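Q: show me the folded form of this:
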Amino acid sequence: MTQSAMKLLENVGAVVWAPEKTEKKLMIKVQGATVIAAEYNQISASIMDAAKGTLKGIMGYGVGCNHIDVAAATERGIYVANCKGSNVEAVAELAIALMLNISRGVHVGDHFIREGRWRSGQNGKLPRVLKGEELVRKTLGLVGMGEIGRKVARIAKGFEMRILAFDPYLAPETIRQVGAEPADLSTLMRQADYASVHVPLSAETKGLIGQKEIALMKPTAYLINTSRGAVLDEGALVTALQEKKIAGAGLIVFTVEPPPVRSPLLKLDNAVVTPHIGGITEEAIAEMSRMTAEECVRITRGEVPLNLVNRKELAAKGIHV
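A: Below you'll find the model as predicted:
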């Protein structure tokens, strides 16, 4: 949280930040809390009940709410809010950066220089991965056309890319309005030179990109995932990369975070990986901090948070939202 955001909360009572590493410690800390703000801590039904009836809201510091038991909160009439929209620019730019990096072998070139292999490159012995490809006029397939997917599409237009988009929750005309062509998932995976995943993790999206979908990709294609690790079958991806069934992948999310140091994924030159830093920019952090503080203030005042995640479910229970 930024200092300016903390200042907003100075005179607001009963807002508890949740950095505790164990559920038991957190259960003690939240007693009497009106709002719990959490970035990574699992906020379970037990933690909600430990607030002893005073809890009105849970604020996710970020966009994802997978660490919050939203169903349990809804059952108890508790607001769950997030920082929707705060990291759109950051994640979209990183997705494009991964495309550029993996298709030009920037990560390999960095090691090439550091290992003193420049002279061998002058003799025509450059690694194949350093003989890159351009994004210009390639086909980009976007799996998910929420705010981040749409921003990626707008940036990609600057590379004159053809945009395919799969999003079963959007009307085809809505997709066309942002300059993309609607496509089913199979068509997208077959035609894309770059397939970039931008969906939230849910029961419907878990394992969405599996062995079947990866097998549809061209051997010259790249897969980018900046959403959630469980959306992608990581084992199937590793096999495809090892066997050169696809050209490469760029990932900031993994099935297990952090990935084990012995993970075969980390040994591949045709994969570029970073920590889960999609929304970690100075600008995104400032925006998340501001939104978190302002939403916490609203909840303590008895107001409905603007970015209410469980609005529909609470309304069905007859709670004013």
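
Q: send the alpha carbons of the host helix or strand of residue 188 over as PDB?
A: Taking DSSP states H and E as the criterion, residue 188 maps to helix 185-191. Coordinates of each C-alpha in helix 185-191 appear next as PDB, following Å, rounded to 0.1, in the frame of the first residue of the first chain:
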ATOM      1  CA  LEU A 185     -11.400 -21.900 -29.400                       C
ATOM      2  CA  SER A 186     -10.300 -24.600 -31.800                       C
ATOM      3  CA  THR A 187     -10.100 -22.200 -34.700                       C
ATOM      4  CA  LEU A 188      -8.200 -19.700 -32.700                       C
ATOM      5  CA  MET A 189      -5.600 -22.200 -31.600                       C
ATOM      6  CA  ARG A 190      -5.100 -23.500 -35.100                       C
ATOM      7  CA  GLN A 191      -4.700 -20.100 -36.800                       C
END
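
Q: touching, residue 296 and residue 14? I think so.
A: No. The criterion here is C-beta atoms under 8 Å, and residue 296 misses it with residue 14 at 9.7 Å. All C-beta spots, glycine's among them, are computed from the backbone N, C-alpha and C.

Q: pull up the overlap in contacts between these two.
A: Here residue 296 and residue 14 have residue 35 as joint contacts, going by C-beta atoms under 8 Å, 6 or more residues apart in numbering.

Q: more neighbours: which of those two?
A: residue 296 (26 against 17; other C-beta atoms under 10 Å).

Q: what helix or strand is the more buried one on?
A: Going by DSSP H and E, residue 296 is part of helix 282-300.

Q: so which elements touch that helix?
A: Helices and strands touching helix 282-300, by 3 or more C-beta pairs under 8 Å, 6 or more residues apart in numbering; DSSP states H and E, are helix 3-8, strand 35-38, strand 57-60, strand 79-81, helix 88-104.

Q: can you list those in TSV and add mean neighbour count?
A: As requested, the helices and strands packed on helix 282-300 are exported to TSV (neighbours: other C-beta atoms under 10 Å):
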stretch	mean neighbour count
helix 3-8	13
strand 35-38	27
strand 57-60	28
strand 79-81	26
helix 88-104	22
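
Q: identify whichever of the ones you listed lies nearest to residue 238.
A: Nearest of the helices and strands packed on helix 282-300 to residue 238, taken as C-beta to C-beta: helix 88-104 at 15.0 Å.

Q: so how far is that closest one from its chain's centroid?
A: 13 Å (C-alpha atoms, centre = their mean, to the nearest Å).

Q: export only the CA atoms of it, formatted as PDB.
A: Extracted C-alpha coordinates of helix 88-104, given in PDB (Å, rounded to 0.1, in the frame of the first residue of the first chain):
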ATOM      1  CA  VAL A  88      -5.000  -3.500 -17.200                       C
ATOM      2  CA  GLU A  89      -2.200  -1.500 -18.700                       C
ATOM      3  CA  ALA A  90       0.500  -3.400 -16.700                       C
ATOM      4  CA  VAL A  91      -0.700  -6.900 -17.700                       C
ATOM      5  CA  ALA A  92      -1.400  -6.000 -21.300                       C
ATOM      6  CA  GLU A  93       2.000  -4.500 -21.800                       C
ATOM      7  CA  LEU A  94       3.700  -7.500 -20.200                       C
ATOM      8  CA  ALA A  95       1.800  -9.900 -22.500                       C
ATOM      9  CA  ILE A  96       3.100  -8.000 -25.500                       C
ATOM     10  CA  ALA A  97       6.600  -7.900 -23.900                       C
ATOM     11  CA  LEU A  98       6.500 -11.700 -23.600                       C
ATOM     12  CA  MET A  99       5.600 -12.000 -27.300                       C
ATOM     13  CA  LEU A 100       8.500  -9.800 -28.300                       C
ATOM     14  CA  ASN A 101      10.900 -11.500 -26.000                       C
ATOM     15  CA  ILE A 102      10.200 -15.100 -26.900                       C
ATOM     16  CA  SER A 103       9.900 -14.500 -30.700                       C
ATOM     17  CA  ARG A 104      13.200 -12.600 -30.700                       C
END
